[in-house]
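**Student:** one predicted model, sequence on top.
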Protein chains: 2
Amino acid sequence: MDSRIEKRLGVKELASKIVSAAEAAALIENGTVVGMSGFTRAGDAKVVPEALAERAKNEPLKIDVYTGASLGPEVDNHLATVGAIRKRGPFIADAGIRNLINTGDVTYVDAHLSHNAELVRQGIIGPIKHLIIEAVAITEDGLIVPTNSVGNSPIFAQYAENIIIELNISHPESLIGIHDIYIPGEQGSREPIPMTDVQQRIGEIGIRVPLEKIQAIVISEEPDAPSLIVPADEETQTMANILLDFFRAEIKAGRLTNSLMPLQSGVGSVANAVLEGFTNSEFEDLVVASEVLQDAVFNLIDAGKVKFAAATSITLTEELQKKVYGNLEKYADKIVLRSQEISNHPELIRRLGLISINTALELDIYGNVNSTHVSGTKMMNGIGGSGDFARNARLGIFVTKSYAKGGAVSSIVPMVSHVDHTEHDVDVIVTEQGIADLRGLAPKERAKLIIENCVHPDFKDQIRDYFNRAIEATGGHQTPHILEEALSWHVNLAKNKTMKQEVPAQA
Amino acid sequence: MDSRIEKRLGVKELASKIVSAAEAAALIENGTVVGMSGFTRAGDAKVVPEALAERAKNEPLKIDVYTGASLGPEVDNHLATVGAIRKRGPFIADAGIRNLINTGDVTYVDAHLSHNAELVRQGIIGPIKHLIIEAVAITEDGLIVPTNSVGNSPIFAQYAENIIIELNISHPESLIGIHDIYIPGEQGSREPIPMTDVQQRIGEIGIRVPLEKIQAIVISEEPDAPSLIVPADEETQTMANILLDFFRAEIKAGRLTNSLMPLQSGVGSVANAVLEGFTNSEFEDLVVASEVLQDAVFNLIDAGKVKFAAATSITLTEELQKKVYGNLEKYADKIVLRSQEISNHPELIRRLGLISINTALELDIYGNVNSTHVSGTKMMNGIGGSGDFARNARLGIFVTKSYAKGGAVSSIVPMVSHVDHTEHDVDVIVTEQGIADLRGLAPKERAKLIIENCVHPDFKDQIRDYFNRAIEATGGHQTPHILEEALSWHVNLAKNKTMKQEVPAQA
Ligand SMILES: CC(C)(COP(=O)(O)OP(=O)(O)OC[C@H]1O[C@@H](n2cnc3c(N)ncnc32)[C@H](O)[C@@H]1OP(=O)(O)O)[C@@H](O)C(=O)NCCC(=O)NCCS
Ligand SMILES: CC(C)(COP(=O)(O)OP(=O)(O)OC[C@H]1O[C@@H](n2cnc3c(N)ncnc32)[C@H](O)[C@@H]1OP(=O)(O)O)[C@@H](O)C(=O)NCCC(=O)NCCS
């Protein structure tokens, strides 16, 4: 046996389970529910799904796939586009599967990421016939050590009938030890989660499973697909500055200290760029308690700003992958990866008092946020953990540029075309135009702030006019709207390719 | 001193603080934030607010009023209609203040009931100049013992500058001992809430305050305003039966046992009637972990079905008030009242695995629920605790009749005109027509179930037609809608007094 494999395979008897990817893929039963590791393109099972996609080209195969969150191309593109996925949950981000979801070819169940584990316990997700999980090692006492994400793997492992392991020897061995696996018991006989500080370890370094469940082991050297986020620009820099000033004001008001509270920052380019904004700030001893650690977190560790970061996944661009994975020892005592049930758990988010920063696709004058559906109908990525955080955070912040699609779209509309986060869960809104601190305010008070501070100048008159006419039309109702017009900006966009009321003459 | 007062005033020095209601009302400073006890017409401060309403007739007075939840007539009618309330939170139900909210005369902040305490800690609600709290006694060691509700009083007492106590000697002494007051610490240095069973006591029997904060004591004998819910009817009985059958099927599926899980049941007539349905069922040893204990809970205790009930308030009709308060000893060891921060705490709701049953005003084909806004603009009561429960429950159930306003309104519409609970938080829907179990389903799957099982026959063709055309129009998007039409049922209702598409000829 290759010595690199030997080192990673703590339980020697398991060597007999080593098979090729194609052989492992052949074990997956058609029509079953399959759990897979992977969370935002990190720690995915890769070679077995790729072999599965090959197999599906030659024989009928359709499975339900549940993961931690979005995956790289092997599943959400290759396996999806050969038509082998019937149902998919709980989060996606690949254009391949996105298109199939929006033609009805894949059934997509969009759910709060902290809810999945309970659904597995109740058998709503399941019965899970197979779990395909990427591991960096199996320890001598039989723990499966995940790679760059934990996601739902611990609960899947507990309930899956069979486990197929992709032992990925290209991941650095120094990953061993950064995981902290804790699985809450059954509801009703469950203890409090014994964590009062993000830095506290409460679990084991890997996932404990009965070894007889391990059906096959496949050796892999495939790296994670790199994150596709784009760098900060002038506008995201402005948003970051606005947010830093807001935190400074909170400190002045006695509500925060210079190390703030544990920070959660959402997925995507905007959230990453905003977090990056801390690099040259005076804030220190920051703690990150997030779902995904994107590039910014590691840059902030390097800059001495972040002293500890916990999450369920590490998702990096190619450049940062090199820097971090080539040098993981440097970060190992400053990071921890937990299951998404724990990283996103309402119990912990509320107890620890997180500051949560997520990105909105669009929001409305009353502060309702749409994170998922373009024009109310077309799935973008899913809600992810944004609801877990926004609902339970000490401070729920949403950021978005005030416009999209080159200015044709206002990200702030009279009424969102789909609601993921209600007015009750949205404390603060930041665009490159400014900030609206909505805490303690009623809908009409909120609308004034959002319109005056956050809307793009191109849309300000138009939205002010809607709001004023809505107040008049309803005689001052709690939440004024003109229902005939509330969604007309989206209708205009579909018809005339712009939300602007005066349609520019065709070129 | 009246011996009835003497018995209730454990700290004798406080006798010097006894004043008339008018004198106490005179202490309230104009323009301040005032916290009051009271939750769904139970345990309200009554005589001081009534005196305050009198005072406001003769001099300028405008205050912000925060309570546990809705109050009886003294505040939400009398004080409101003399124009003395500027801002009000977090829940209302009186027509008096409701009208003022919907003309813009009172600013209303509708919030998740479990969130209030954190907002007080952060000073977003505040500074609280006065707390007016109804108490059944002050114990010898200085604990203020609340009456029929706890609500937000513990956190208000902690942060208020001055406390005015309405010592209500008409409440039975046997109330002493049923409260369990536990206040979480600051976020970041907070311990887990040490409760793993609803029946476990974790706090004290009253609210501990520095005695020097007690500004005045007013003796009162005013009873709580009775609850106004109406009895079960044939349709709510049908809904209860449907729900019981659902629970039976869950037991068969191995997901529940015969004592179910702790039950939360919402406010209002429908939720009460549905809970009442357990009376003649085979279920036993039920535990209630709710926000409000309405009539049904006590009837179920009498019937030997419920063995323990915890909540933050007891709200009864006149008939049940007589039965329960005349005989409280009988129930004392079976009930406990906690703060709304605890009764509604996400940490506990998730840990204990509650089954939550709340009432929707309307819902849509994808399972989004509107609990608060009639036709999207007019405030009904507020979101209350429904979001705390629906989001974190093991099983989030919403009930509603399939129609309202004598059949002119379908409670199930293409798109709700306001979202309080998103598709992600709604597991099961029950109307008198049937049940839709939405767990694990994608939007289009949900729509089919809701339409076929729950919609009233008068609206079925019409809503099926919308759904089919929406699929066609979008080419099968994740959540098909025709934005031009999505709110047209509400528009039709405003114009033609019906949601039915064929407008009946005018009589
Ligand atoms: C909302 C979300 C898609 C934004 O992602 P992002 O990379 O920061 O934002 P971008 O501004 O680059 O927008 C992404 C795309 O949406 C489009 N978009 C943005 N706002 C839009 C709007 N109001 N209407 C239509 N399209 C819009 C952009 O044009 C861009 O499209 P493109 O890929 O075709 O260029 C992303 O944050 C997300 O998936 N959120 C939901 C899950 C979540 O919040 N998880 C965090 C929990 S840890
Ligand atoms: C939604 C809620 C108002 C329903 O109350 P209810 O007493 O069970 O229900 P009813 O069917 O009697 O409806 C109450 C009123 O709303 C009206 N209504 C109901 N559905 C309607 C609809 N779809 N459109 C317009 N009006 C509607 C009814 O006609 C009735 O009006 P009326 O008072 O003028 O007769 C109530 O449950 C509530 O306030 N919920 C929000 C807070 C909450 O859920 N708290 C629970 C946490 S413990």
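**Tutor:** Looks like it came in fine. Ligands and ions are numbered 1, 2, ... in the order given.
**Student:** near chain B, which residues of the stretch 251-400 of chain A show up?
**Tutor:** The interface of the stretch 251-400 of chain A toward chain B, taken as C-beta under 8 Å from any C-beta of the partner chain, is made up of A:253-255, A:261, A:345-347, A:350-353, A:368, A:373, A:375-379, A:383, A:387, A:391-392, A:394. Every residue, glycine included, has its C-beta placed from N, CA and C.
**Student:** in CSV, list the C-alpha atoms belonging to stretch A:215-222.
**Tutor:** This file holds the C-alpha atoms of stretch A:215-222, laid out as CSV (Å, rounded to 0.1, in the frame of the first residue of the first chain):
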residue,chain,number,x,y,z
GLN,A,215,-19.0,-0.1,2.5
ALA,A,216,-16.0,1.2,0.4
ILE,A,217,-13.0,3.4,0.4
VAL,A,218,-11.8,5.3,-2.6
ILE,A,219,-8.5,7.0,-2.8
SER,A,220,-8.7,10.5,-4.2
GLU,A,221,-6.3,13.4,-4.9
GLU,A,222,-8.8,15.8,-6.3
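**Student:** contact partners for A:Val274?
**Tutor:** A:236, A:239-240, A:243, A:265, A:357, A:399, A:430 (C-beta atoms under 8 Å, 6 or more residues apart in numbering or on different chains).
**Student:** ok, and the most crowded of those residues?
**Tutor:** A:Ser265 (30 neighbours; other C-beta atoms under 10 Å in any protein chain shown).
**Student:** what sits against that one?
**Tutor:** So A:Ser265 contacts A:271-272, A:274-275, A:288, A:290, A:294, A:296-297, A:356-358 (C-beta under 8 Å, 6+ apart).
**Student:** run through the bridge partners of it.
**Tutor:** A:Ser265 forms beta bridges with A:Ile357, as assigned by DSSP bridges.
**Student:** from the residues of the stretch 251-400 of chain A next to chain B, which would you call buried?
**Tutor:** A:255, A:261, A:345-347, A:350-353, A:368, A:373, A:375-379, A:383, A:387, A:391-392, A:394 (16 or more other C-beta atoms under 10 Å in any protein chain shown).
**Student:** which ones among those residues map onto strands?
**Tutor:** Members of these lying in strands (criterion: DSSP state E): A:373, A:378-379.
**Student:** in three-state terms, label A:Val136 for me.
**Tutor:** State at A:Val136, reduced to three classes by DSSP: H, G, I helix; E, B strand; the rest coil: strand.
**Student:** now do the one 5 residues further on
**Tutor:** Assigned with three-state DSSP, A:Asp141 falls in the coil class.
**Student:** check what pLDDT it gets.
**Tutor:** Note for A:Asp141: predicted pLDDT of 94.
**Student:** now A:Pro504
**Tutor:** 52.
**Student:** what of A:Leu244?
**Tutor:** pLDDT, A:Leu244: 96.
**Student:** A:Asp2 now?
**Tutor:** 87.
**Student:** which residues touch it?
**Tutor:** A:169, A:219.
**Student:** same check on A:Asp388?
**Tutor:** Counted by C-beta under 8 Å, 6+ apart, A:Asp388 has contacts A:112-114, A:344-346, A:349.
**Student:** can you tell me the closest non-neighbouring residue to the closest residue to ligand 1 within the stretch 1-150 of chain A?
**Tutor:** Nearest residue of the stretch 1-150 of chain A to ligand 1, counting by C-beta to the nearest ligand atom: A:Ala93, 6.5 Å away. In space, and not counting its chain neighbours, A:Ala93 is closest to A:Ser70: 3.7 Å by C-beta to C-beta, 6 or more residues apart in numbering or on different chains.
**Student:** can you give me the pLDDT of that neighbour?
**Tutor:** 97.
**Student:** so what's the backbone phi/psi at it?
**Tutor:** phi -70, psi 150 (degrees, to the nearest 10).
**Student:** residues contacting it?
**Tutor:** Counting by C-beta under 8 Å, 6+ apart, A:Ser70 has contacts A:38-41, A:76, A:91-94, A:381-382.
**Student:** just A:Glu212 next, same as before
**Tutor:** A:Glu212 neighbours (C-beta under 8 Å, 6+ apart): none.
**Student:** so it lies in a strand, does it not?
**Tutor:** No - according to three-state DSSP, A:Glu212 belongs to no strand; its state is helix.
**Student:** quick one on the thing from earlier: which element is the residue of the stretch 1-150 of chain A closest to ligand 1 on?
**Tutor:** Assigned by DSSP states H and E, A:Ala93 falls within no helix or strand.
**Student:** list the contacts of it.
**Tutor:** So A:Ala93 contacts A:40-41, A:69-70, A:76, A:267, A:381 (C-beta under 8 Å, 6+ apart).
**Student:** and the contacts of A:Asp388, which is closest to ligand 2?
**Tutor:** When the contacts of A:Asp388 are compared against ligand 2 (criterion: C-beta to the nearest ligand atom), the nearest one is A:Pro346, at 17.1 Å.
**Student:** what's the closest non-adjacent residue to that closest one?
**Tutor:** Here the residue nearest A:Pro346, using C-beta to C-beta, 6+ apart, is B:Pro346, at 3.8 Å.
**Student:** greatest separation within the contacts of A:Ala93: which pair is it?
**Tutor:** Pairwise distances across those peak at 14.5 Å for A:Asp76 and A:Val267 (criterion: C-beta to C-beta).
**Student:** who's more crowded, these two?
**Tutor:** Taking other C-beta under 10 Å, A:Asp76 and A:Val267 do not tie; A:Asp76 has more neighbours (30 against 26).
**Student:** over to the spatially closest residue to the more buried one that is not a sequence neighbour: give its phi and psi.
**Tutor:** Leaving aside its sequence neighbours, A:Asp76 sits nearest to A:Asp94 (C-beta to C-beta, 6+ apart; 3.7 Å). Note on A:Asp94: its backbone torsions stand at phi -90, psi 140 [degrees, to the nearest 10].
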